[in-house]
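[1] the sequence and its predicted three-dimensional model are supplied below.
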Amino acid sequence: MLQLASIPYCCLYLAIYRILNLFCCFAALRRTLLNPPLLLDFGILNMFNHLQENQVICMGSFHPTFATVTELGDFGPWISTAVLELPAPVRDADLDPVPFNVYVERHETSGGILMRTERGADRAVPSRGYLPVLNAYPCDAAGHRLPEGGHVALVLPECRLTKTIEGTVMQGRFVEHRFRITQTAPLPGEPDPTCGLVYTERTERLCPALTGWHEARMAQAVNGIQLSYGFFEPDFSQGEAPAGPFKRQVQKPERAALIVWLHGAGEGGDEVERAYTGNRVTALSQEKIQGYFGGAAWVVVPQCPTFWMDDGVEQLGRSNVSIYSEPLKALIDEFITAHADRVDTSRIIIGGLSNGGFMTVRMCADHPDFFAAGVPVCAPFFDENQTPKVIGALAKTPLWFVHAKGDEAVNPAETVLPLYHRLHEVEAPVHLTYFDHVEDLTGRYREADGAPKQVFSHGVWIHVYNDFCRTELDGTNVMLDGEPVGLWEWTAHQRR
């Protein structure tokens, strides 16, 4: 293996590297030299590491660093953009064709490279490879597009290698991305063209959807359990009146509704950020859904260490009892007390998906006079536990269930359907939006033949976050004051 003995030898290589960059006829040769597998074979990758350790950089004092932008999508968070700092400004024309190559490896947070068995494969392979750059444009340090900028944004695809969470519907975990972004063509510079940039140091992780989000922990444990949680604090400032003759300014409330949202099985554990990013819970803090609440609604997302269905004996049994019932209620009360001057206690909403859907039903049954509304999504609250006492308690809270007929994980025939009919029989304020299956309704995700992408039918929360739930079990529109409404508009109108 080639070993570097001195800095001057490294500088000689860099001089050769620059010459290759300056002559377009050597482009193919350059791509070969900069191919990471070949670099590994010849030991040149070690040389690049040696150069970085000794701060020997082809642009003199310039040290190449980059940031990433994470987008929270329907199928989990993913790195959508890499924002590279440049030593000299560039324009759009300088970036066509894209002068960068992106290689990435996904590592466990413990350090080792992630080994993954893809669907249909018979063995696990390292999670690494090259990413196509879908677009490149000049930008500022946050990735906002500019006509000319000292940074360049590389738009990356939503794929397995850009996903920041790995795991299954039952248990997920964050993974660490390690990038090597290599310049493959010269860019304008002063006095000479910019050449030979290699980016491996990430200095910032940006996520615009997390603006206003914070993390906290219960002040005191209850029954030995002290829950952590993420929460969104709304902006109560009134702002400027919107432009246009047909737009009116909505007066934000002095005290806002509180939405308590409970995660599914895969988001439990000790990484609280997964509880509110794993399934795009942040949609509740975005303009559309916030708008239903007068432009301001708190969102609290607790994380349980195991599963909400944990009854102390079985973590995923059918008892529909939870060791987290008392700690969760204590957390909600603690949060309301801490923000008493800004929380409207007549508008406490609770909802959740799957495991969290069960817990939504459990909390509404245990506290029938507390919540203004409940939104149980694909909730495993089983038929044998739907006693007259439970039905009587649940009937006191307006509920909107969401489920899919083809749910692979929670059979509606032994959960939501009998529960809905029992509540309907006692004339409870209850709705059920019932999808045949789950497929993308946004137009963003498609199958190879162009049809909407179909996903597992347990994932009906995708339609909840996109505000696509609008119908009763019989297919008619849910009505409020003589007008059809969707789930979140209906929820915003509920008061205790």
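    Noted; the coordinates are in hand. Residues are numbered from 1 along each chain as shown.

[2] and the helices in this structure?
    Assigned by DSSP state H, the helices in the chain fall at 7-22, 27-33, 36-42, 44-53, 272-277, 287-292, 325-338, 355-366, 388-394, 416-425, 461-465, 487-492.

[3] per-residue confidence averaged over the second one?
    Taken as a whole, helix 27-33 has an average pLDDT of 39.

[4] what are the bridge partners for Asn477, then?
    Residues in a beta bridge with Asn477, per DSSP bridges, are Thr471.

[5] so it touches Thr471, yeah?
    Yes - proximity of Asn477 to Thr471 meets the contact threshold set by Cβ atoms under 8 Å, at 6.1 Å. To be clear about C-beta, it is placed using only N, CA and C from the backbone, and glycine gets the same treatment.

[6] give me the more crowded residue out of these two.
    A side-by-side neighbour count of Asn477 and Thr471, using other Cβ atoms under 10 Å, places Thr471 first with 18 against 12.

[7] tell me the contacts of that one?
    Thr433, Tyr434, Asn477, Val478 (Cβ atoms under 8 Å, 6 or more residues apart in numbering).

[8] shaky segments in the stretch 151-300 of the chain?
    Scanning the stretch 151-300 of the chain for pLDDT under 70 picks out 240-249.

[9] Throw the contacts of Thr471 into a markdown table and include pLDDT and distance to Asn385, thanks.
    Shown next, in a markdown table, are the contacts of Thr471 (pLDDT from 0 to 100; distance: Cβ to Cβ, whole Å):
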| residue | pLDDT | distance to Asn385 |
| --- | --- | --- |
| Thr433 | 98 | 23 |
| Tyr434 | 98 | 21 |
| Asn477 | 98 | 31 |
| Val478 | 98 | 26 |
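
[10] between the residues you listed, which has the most around it?
    The most crowded member of these is Thr433, carrying 23 neighbours; neighbours defined as other Cβ under 10 Å.

[11] how far away is that one from Trp400?
    Counting by Cβ to Cβ, to the nearest Å, the gap between Thr433 and Trp400 amounts to 7 Å.

[12] intersection of neighbour lists for the two?
    With Cβ under 8 Å, 6+ apart, Thr433 and Trp400 have common neighbours Cys469, Val478, Leu487.

[13] which residues touch the residue lying closest to the last one once chain neighbours are set aside?
    Residue nearest to Leu487 in three dimensions, not counting chain neighbours: Cys469, with 4.1 Å by Cβ to Cβ, 6 or more residues apart in numbering. Listed by Cβ under 8 Å, 6+ apart, the contact set of Cys469 reads Trp400, Val402, Thr433, His463, Gly486, Leu487.

[14] check these and tell me the two furthest apart.
    Largest separation among these by Cβ to Cβ: Trp400 and His463, giving 12.3 Å.

[15] mutual contacts of these two, please.
    Both Trp400 and His463 are contacted by Thr433, Cys469, under the criterion Cβ under 8 Å, 6+ apart.

[16] ok, the closest residue in space to Leu95 that isn't next to it in sequence to Ala219 distance?
    Counting by Cβ to Cβ, 6+ apart, Leu95 lies nearest to Ala136, which is 4.3 Å off, once chain neighbours are set aside. Applying Cβ to Cβ, the value for Ala136 to Ala219 is 48 Å.

[17] Ala67 reaches Cys207, doesn't it?
    No - with contact defined as Cβ under 8 Å, Ala67 does not reach Cys207; the gap is 10.8 Å.

[18] for Asp383, give me its contacts.
    Glu414, Thr415, Pro418, Leu419.

[19] on contacts alone, who are the packing partners of the lengthiest strand in the chain?
    Longest strand in the chain by number of residues (criterion: DSSP state E): strand 76-91. Judged by 3 or more Cβ pairs under 8 Å, 6 or more residues apart in numbering; DSSP states H and E, strand 76-91 is in contact with strand 66-73, strand 135-139, strand 148-155, strand 172-183.

[20] okay if I get these as JSON lines plus distance to Gln286 and mean neighbour count?
    Converted to JSON lines, those look like this (distance: least, Cβ to Cβ, whole Å; neighbours: other Cβ atoms under 10 Å):
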{"stretch": "strand 66-73", "distance to Gln286": "10", "mean neighbour count": "20"}
{"stretch": "strand 135-139", "distance to Gln286": "22", "mean neighbour count": "20"}
{"stretch": "strand 148-155", "distance to Gln286": "21", "mean neighbour count": "20"}
{"stretch": "strand 172-183", "distance to Gln286": "22", "mean neighbour count": "19"}
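
[21] would you reformat those as a markdown table and include distance to Val125?
    As requested, the helices and strands packed on strand 76-91 are arranged in a markdown table below (distance: least, Cβ to Cβ, whole Å):
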| stretch | distance to Val125 |
| --- | --- |
| strand 66-73 | 24 |
| strand 135-139 | 29 |
| strand 148-155 | 25 |
| strand 172-183 | 15 |
